[in-house]
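K.L.:
Build me a model from this:
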Amino acid sequence: MKSARLDKILADMGYASDEHIRLALKRQRSQGGRLGENLVEMGVLTRRQLMEALSRQFQLPWRSLAPGDVPPDLRRRLPPPGPHGSLAIPVRWEADDGVLVVALNDPEDAGTLDRLRRDFGARRLEVHLAPDDELVAIHRADPDADPPSSDDEGIIDLPDLFASPEDEPTGSSGGAGTPTQPPGDRRRILMVSRRAQHRTFLPAVFSREGYDLIVVDGFDDVRNALVEENIEAILVDAERRDDFRTWTRSGRLPPLPARVSMLSSVSEALIDNVLPYPEMLRSLKGAVEGIADLRSRDLKPPPPYGLIGRDVMALGRAVGLKAVTVDGLYLAVHLLSPPRGNPDPVMSENGDGAVTPREPFHEFAASRELAVRLRFPWAIETVLDVTLGLFLGPRTPEAPGRLDPEMLRAAQILALVWFHHIHAPGSEALEGEEGRQMRITLRRAGQRLATMELVEAYLSVIQDRREAGDVGETPQVLLVGTRRATDLGNRMARSRIRPVVTRDLTDAQAMAERSPPAAIVVDQGAVPGHVHHFARVAKLDAALPLYVITDERDAASTLDLLDAGVDDVFAPPHDLDLMAARIGRAIDARSRVRSALQSRGGDFSASFDAFSFMDLTQALAHGLKSVRIELSRQGTDEDAVLFLAKGRPIHARCDSLVGPEAVYRILTWEEDGEFSVHPESDFPEATIHESMESLLMEGCRLLDEAGRP
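P.N.:
Okay, the predicted model is just below:
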């Protein structure tokens with residue numbers, strides 16, 4: 001009955017290549033099943049393409065079949081499955097003419113056809129081909145039940161014994177499994193599994209927790225679900241792991257959601273999940289950040305790992321990479337080390353108008369070894385290899401057809417962002433000549449390292465960040481000291497700060513005069529010279545924040561430094577991460593206030609959840625602003641006013657309280673306050689004689705004492 005072998009027909013129709021057939025035969029040997037079904041499950045064929053090929057092979061028509069197409073009396077007379085998964089369904093019995101219409105998946109199963117002929121007494125059989133999955137669904141269906149709808153096929157509600165008292169329905173509408181959220185608000189999860197218990201049990205469990213779980217098996221079902229449903233995450237059963245990877249690599253699936261997880265079994269997933277993934281990832285990030293600090297501690301300035309990590313994650317999310325891929329990219333950034341010497345090496349022209357650095361990384365082999373030893377559940381070492389290939393060669397290390405498209409996209413993101421921050425650093429302004437040069441440089445590099453689409457996506461990320469107020473000139477902090485200052489600078493480099501380290505106070509003063517930094521940090525015990533004198537000279541520009549790290553523990557030494565003009569003192573115990581965060585936050589707040597004042601002509605307003613009272617007043621004080629701050633507490637009648645003259649507090653009132661007591665009262669509002677800032681030149685009589693820093697420190701102390709049991 002066959003006209004030719006199936007593999008030859010598929011090749012002739014252009015549906016499958018020799019490589020596809022080879023892989024399908026290999027899968028068939030290990031997992032069983034028919035060649036055509038294996039090709040469908042691998043995502044090489046659609047169900048329709050397979051049926052067209054089988055129809056041509058056996059010279060028979062084919063049809064799609066649903067349980068409702070088979071009358072109940074015929075469903076009660078189904079023959080048992082034949083050898084090698086053969087299935088046959090009597091679809092229509094024309095008793096007067098003795099004609100039996102049969103749908104089947106194996107026309108060569110003569111035994112099953114003879115049995116049907118005898119059972120019905122048929123004089124003639126009219127044979128049609130039908131898809132395996134549709135025949136299986138009819139065989140599994142209850143012959144006496146109404147055909148299930150596509151929405152509830154194979155899904156059962158949990159019995160009432162699983163319901164807690166607060167889950168019980170309060171009225172006659174809705175039962176144990178009734179969703180508590182409107183359908184449009186429910187989050188949809190796609191599960192790829194062939195296991196019956198997943199289809200029958202899990203959807204009801206997910207439904208109780210506000211999710212719609214859609215369980216599918218074949219390639220067509222996965223593709224349709226991704227097209228038609230708003231899928232938030234995908235769970236892939238371990239048995240389907242290899243098939244799902246083949247489908248994704250084929251490029252025939254729509255874009256996947258960011259979260260794709262492999263599931264061995266429900267019980268193992270619950271038992272083995274000792275700690276949530278975010279906690280484990282946080283620990284791993286801390287480890288690679290420490291490695292990056294150690295490998296770059298002698299570099300001046302340290303690499304801006306924080307900026308690179310921020311950008312690869314933002315760009316990865318913008319182009320739809322999976323969550324584990326984005327996390328892997330962040331880890332990969334911190335395993336790489338920039339080239340030594342000039343961080344902006346000579347660029348090589350590649351004949352296509354693109355330029356790339358001759359030496360993109362330092363000690364790449366060591367970076368790759370670290371990636372292998374991390375054993376992260378995403379191949380960081382592979383993305384490093386591909387990234388190096390993008391920099392050095394005309395092609396990626398593997399032929400494009402053999403490389404996971406998402407892995408290639410991840411490597412392009414890493415290469416593009418690394419190039420931007422390490423080999424072509426500069427302002428991220430998109431306007432003016434600097435902005436034009438940045439765009440030209442990125443687009444030229446993108447010809448080799450990425451794609452124009454990815455370059456434009458990166459420029460959009462930068463633009464969005466600028467519109468959100470998170471982009472501007474990268475602040476530079478001057479650190480005076482030795483090893484501890486260098487370590488602090490490495491931590492600052494993770495955020496949007498460029499540290500510059502010197503060991504001498506005289507050099508620091510000269511550097512600050514030539515190019516005023518965003519802040520100065522002095523390690524008192526590590527530098528020769530008189531820190532108090534340096535503080536008084538540096539604070540002649542009162543807008544320049546000055547911080548001192550001291551090994552003295554007594555309050556008198558701290559107050560002495562504050563009297564000299566120091567803005568904050570870091571006494572033991574020293575937490576460098578906390579120092580970097582506090583300094584970075586102060587710089588950021590000062591920048592935001594300055595931007596707000598400039599954009600609004602000196603007047604602006606906001607709430608404390610956007611600008612805390614401490615950030616606001618410190619920024620205005622450091623900026624030497626002469627302003628009137630009008631404040632009110634949300635949900636109450638409390639209001640207040642604070643006057644600053646060239647950054648120094650002059651007068652404050654909060655209801656009946658005046659002077660420092662009014663400031664302490666405002667601090668108790670926490671995030672409940674609103675304010676507006678206005679330029680001021682006419683000030684009332686002074687009721688405050690302390691510095692802003694002293695007022696805030698005392699207010700925080702009082703708050704802390706009030707909160708103690």
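K.L.:
From now on I want contacts and neighbour counts done on CA atoms only, so please keep to that.
P.N.:
OK.
K.L.:
distance between the helix or strand hosting Thr248 and the chain's centre?
P.N.:
When elements are assigned from DSSP states H and E, Thr248 belongs to helix 241-250. Here the centre of helix 241-250 is set off from its chain's centre by 22 Å, with CA atoms, centre = their mean, to the nearest Å.
K.L.:
where do the strands sit along the stretch 151-300 of the chain?
P.N.:
For the stretch 151-300 of the chain, the strands defined by DSSP state E, counting those that start in this stretch cover 187-192, 211-216, 231-237, 259-263.
K.L.:
now these as a markdown table including distance to Ser283 and mean pLDDT?
P.N.:
Formatted as a markdown table, the strands of the stretch 151-300 of the chain follow (distance: least, CA to CA, whole Å; pLDDT from 0 to 100):
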| stretch | distance to Ser283 | mean pLDDT |
| --- | --- | --- |
| strand 187-192 | 28 | 89 |
| strand 211-216 | 30 | 89 |
| strand 231-237 | 24 | 88 |
| strand 259-263 | 20 | 81 |
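K.L.:
Dump those strands to JSON lines, plus distance to Leu116 and mean neighbour count.
P.N.:
Formatted as JSON lines, the strands of the stretch 151-300 of the chain follow (distance: least, CA to CA, whole Å; neighbours: other CA atoms under 10 Å):
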{"stretch": "strand 187-192", "distance to Leu116": "35", "mean neighbour count": "22"}
{"stretch": "strand 211-216", "distance to Leu116": "32", "mean neighbour count": "22"}
{"stretch": "strand 231-237", "distance to Leu116": "37", "mean neighbour count": "20"}
{"stretch": "strand 259-263", "distance to Leu116": "42", "mean neighbour count": "17"}
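K.L.:
of all those, which lies closest to Leu546?
P.N.:
strand 259-263 (44.3 Å; CA to CA).
K.L.:
Flag the shaky bits of the stretch 401-550 of the chain, pLDDT-wise.
P.N.:
Judged by pLDDT under 70, the stretch 401-550 of the chain has its weakly predicted residues at 401-403, 426-431, 466-474, 494-496, 528-529, 539-543.
K.L.:
Please, where are all the helices along it?
P.N.:
Per DSSP state H, counting those that start in this stretch, the stretch 401-550 of the chain carries helices over the ranges 405-418, 432-449, 452-467, 483-492, 505-514, 531-538.
K.L.:
and the first one, what does it pack onto?
P.N.:
Looking back up the chat, that one is helix 405-418. For helix 405-418, the packing partners by 3 or more CA pairs under 8 Å, 6 or more residues apart in numbering; DSSP states H and E come out as helix 305-318, helix 323-335, helix 380-392, helix 432-449.
K.L.:
Swap in 6 Å and give it another go.
P.N.:
Packing contacts for helix 405-418, counted by 3 or more CA pairs under 6 Å, 6 or more residues apart in numbering; DSSP states H and E, involve helix 380-392.
K.L.:
Report the buried residues of the helix it packs on.
P.N.:
380-392 (16 or more other CA atoms under 10 Å).
K.L.:
Could you export these as JSON lines, including distance to Ala518 and pLDDT?
P.N.:
Shown next, in JSON lines, are those (distance: CA to CA, whole Å; pLDDT from 0 to 100):
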{"residue": "Ile380", "distance to Ala518": "36", "pLDDT": "93"}
{"residue": "Glu381", "distance to Ala518": "37", "pLDDT": "92"}
{"residue": "Thr382", "distance to Ala518": "39", "pLDDT": "91"}
{"residue": "Val383", "distance to Ala518": "36", "pLDDT": "93"}
{"residue": "Leu384", "distance to Ala518": "35", "pLDDT": "94"}
{"residue": "Asp385", "distance to Ala518": "38", "pLDDT": "91"}
{"residue": "Val386", "distance to Ala518": "38", "pLDDT": "92"}
{"residue": "Thr387", "distance to Ala518": "34", "pLDDT": "92"}
{"residue": "Leu388", "distance to Ala518": "35", "pLDDT": "91"}
{"residue": "Gly389", "distance to Ala518": "38", "pLDDT": "89"}
{"residue": "Leu390", "distance to Ala518": "36", "pLDDT": "89"}
{"residue": "Phe391", "distance to Ala518": "34", "pLDDT": "88"}
{"residue": "Leu392", "distance to Ala518": "37", "pLDDT": "84"}
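K.L.:
Quick check: of the residues you listed, which lies closest to Ala103?
P.N.:
Distance to Ala103 across these (CA to CA) is lowest for Thr382, with 48.4 Å.
K.L.:
which residues touch stretch 127-140?
P.N.:
With contacts defined as CA atoms under 6 Å, 6 or more residues apart in numbering, stretch 127-140 is touched by Pro61, Trp62, Arg63, Ser64, Leu65, Pro67, Val102, Ala103, Leu104, Asn105.
K.L.:
before we move on, what about stretch 613-630?
P.N.:
So stretch 613-630 is contacted by 543, 589-590, 641-647, 675-680 (CA under 6 Å, 6+ apart).
K.L.:
Those residues in helices, which ones?
P.N.:
Under the assignment DSSP state H, the contacts of stretch 613-630 contribute Ala589, Arg590 to helices.
K.L.:
between the contacts of stretch 613-630, which is nearest Leu235?
P.N.:
Looking across these and measuring by CA to CA, the closest to Leu235 is Ala589, at 41.9 Å.
K.L.:
returning to that earlier point: dump the helices of the stretch 401-550 of the chain to a markdown table, plus mean neighbour count and distance to His689.
P.N.:
As requested, the helices of the stretch 401-550 of the chain are exported to a markdown table (neighbours: other CA atoms under 10 Å; distance: least, CA to CA, whole Å):
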| stretch | mean neighbour count | distance to His689 |
| --- | --- | --- |
| helix 405-418 | 24 | 49 |
| helix 432-449 | 18 | 45 |
| helix 452-467 | 16 | 39 |
| helix 483-492 | 23 | 34 |
| helix 505-514 | 15 | 29 |
| helix 531-538 | 18 | 19 |
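K.L.:
Just put those helices in JSON lines and tack on distance to Ala652.
P.N.:
Shown next, in JSON lines, are the helices of the stretch 401-550 of the chain (distance: least, CA to CA, whole Å):
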{"stretch": "helix 405-418", "distance to Ala652": "48"}
{"stretch": "helix 432-449", "distance to Ala652": "43"}
{"stretch": "helix 452-467", "distance to Ala652": "34"}
{"stretch": "helix 483-492", "distance to Ala652": "35"}
{"stretch": "helix 505-514", "distance to Ala652": "34"}
{"stretch": "helix 531-538", "distance to Ala652": "27"}
